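K.L.:
A structural model of the following input is requested.
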Amino acid sequence: MSSKQHLLQGFGLVAMGVGNFVMDAPMWLSVWTLAVGGVTVLFGASSWMKGE
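P.N.:
Residues are numbered from 1 along each chain as shown. The predicted structure is shown next:
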């Protein structure tokens, strides 16, 4: 997967986590989704910065 795809997927997960939070989903689900999304965004951003 390219770094831009990682960024997009990460932002999608973060948006899903925020959506879960707003929709009164279980707290662990919202936190987990936000965490995974955040890590994916960071991973994509770092590899993008390196020019991969």
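
K.L.:
give the contact list for the most centrally placed residue in the chain.
P.N.:
In the chain, the C-alpha nearest the mean C-alpha coordinate belongs to Gly37, at 1.6 Å (C-alpha atoms, centre = their mean). Taking C-beta atoms under 8 Å, 6 or more residues apart in numbering, we find Gly37 in contact with Gly10, Phe11, Gly12, Leu13, Val14, Ala15, Met16, Gly17. Every residue, glycine included, has its C-beta placed from N, CA and C.

K.L.:
cool, and Trp32?
P.N.:
Trp32 makes contact with Gly17, according to C-beta under 8 Å, 6+ apart.

K.L.:
that one: which element?
P.N.:
When elements are assigned from DSSP states H and E, Trp32 belongs to helix 27-49.

K.L.:
buried residues in that helix?
P.N.:
Buried residues in helix 27-49, counted by 16 or more other C-beta atoms under 10 Å: Ser30, Thr33, Leu34, Val36, Gly37, Thr40, Val41, Phe43, Gly44, Ser47.

K.L.:
low-confidence regions, this structure specifically.
P.N.:
1, 52 (pLDDT under 70).

K.L.:
just to revisit the earlier point, out of the buried residues of helix 27-49, which is nearest to Gln5?
P.N.:
Gly44 (7.4 Å; C-beta to C-beta).

K.L.:
give the PyMOL command for selecting the buried subset of the contacts of Gly37.
P.N.:
To isolate the buried members of the contacts of Gly37 in PyMOL, using 16+ other C-beta under 10 Å:
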select buried, resi 10+13+14+16+17
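
K.L.:
now tabulate the contacts of Gly37 in TSV and tack on distance to Gly51.
P.N.:
Output for those, formatted as TSV (distance: C-beta to C-beta, whole Å):
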residue	distance to Gly51
Gly10	18
Phe11	20
Gly12	23
Leu13	24
Val14	24
Ala15	27
Met16	29
Gly17	29
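
K.L.:
from the contacts of Gly37, which land in helices?
P.N.:
Counting by DSSP state H, the contacts of Gly37 place Gly10, Phe11, Gly12, Leu13, Val14, Ala15, Met16, Gly17 in helices.
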